[in-house]
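Undergrad: I would like the atomic coordinates for the input below:
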Amino acid sequence: MLSPLRGDAASSQIQFWATQIVKQVDAAVDVEVLYEDDSNTYIVRLGKGARVLIFRLSASQVHGDGREAECERTLLRKIKDLWNLI
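TA: As a prediction, this is how the structure comes out:
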């Protein structure tokens with residue numbers, strides 16, 4: 001579980017978690033996390049220079065027990081995708 005909080009309240013904790021992982025891989029990547037109530041998802045925005053990659057984490061991924069590794073793998077894959085953007 002990335003955060004016991006729900007909705008917007010969890011966004012800052014998820015952003016902190018994501019920032020810790022991103023900075024270990026590439027300190028130049030910026031992270032922003034927003035909650036979208038309509039879809040019940042967390043929107044993760046990765047930016048590096050002019051490149052931006054946006055993806056979503058579902059509430060079940062964020063709040064499910066034992067899914068931290070899955071979320072981390074997704075985040076790491078998306079960082080690599082950001083590097084490969086033309």
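
Undergrad: from here on, just use CA atoms for contacts and neighbour counts.
TA: Fine.

Undergrad: dump the residue contacts of Asn40.
TA: Going by Cα atoms under 8 Å, 6 or more residues apart in numbering, Asn40 touches 7, 58-59.

Undergrad: kindly report the same for Ser12.
TA: Counting by Cα under 8 Å, 6+ apart, Ser12 touches Val33.

Undergrad: from the contacts of Asn40, which land in helices?
TA: Those of the contacts of Asn40 mapping onto helices are Ala59, per DSSP state H.

Undergrad: nearest to Val29, of the contacts of Asn40?
TA: Ser58 (22.0 Å; Cα to Cα).

Undergrad: that closest one contacts Val44, doesn't it?
TA: No. Look at Ser58 against Val44 with Cα atoms under 8 Å: they stay out of range, at 10.6 Å.

Undergrad: dump the contacts of Asn40 to CSV, plus pLDDT, distance to Val25 and neighbour count.
TA: Formatted as CSV, the contacts of Asn40 follow (pLDDT from 0 to 100; distance: Cα to Cα, whole Å; neighbours: other Cα atoms under 10 Å):
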residue, pLDDT, distance to Val25, neighbour count
Gly7, 93, 27, 14
Ser58, 94, 23, 15
Ala59, 93, 25, 15
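
Undergrad: surely Arg45 is within a helix?
TA: No. Checked against DSSP: H, G, I helix; E, B strand; the rest coil, Arg45 lies outside a helix; its state is strand.

Undergrad: surely it touches Arg51?
TA: No. With contacts counted by Cα under 8 Å, Arg45 stays clear of Arg51, the gap being 10.5 Å.

Undergrad: which residues touch the nearest residue to Trp17 once chain neighbours are set aside?
TA: Closest residue in space to Trp17, ignoring its immediate chain neighbours: Leu2 at 7.5 Å, by Cα to Cα, 6 or more residues apart in numbering. Leu2 makes contacts with 13-14, 17, 62-63, 68, as judged by Cα under 8 Å, 6+ apart.
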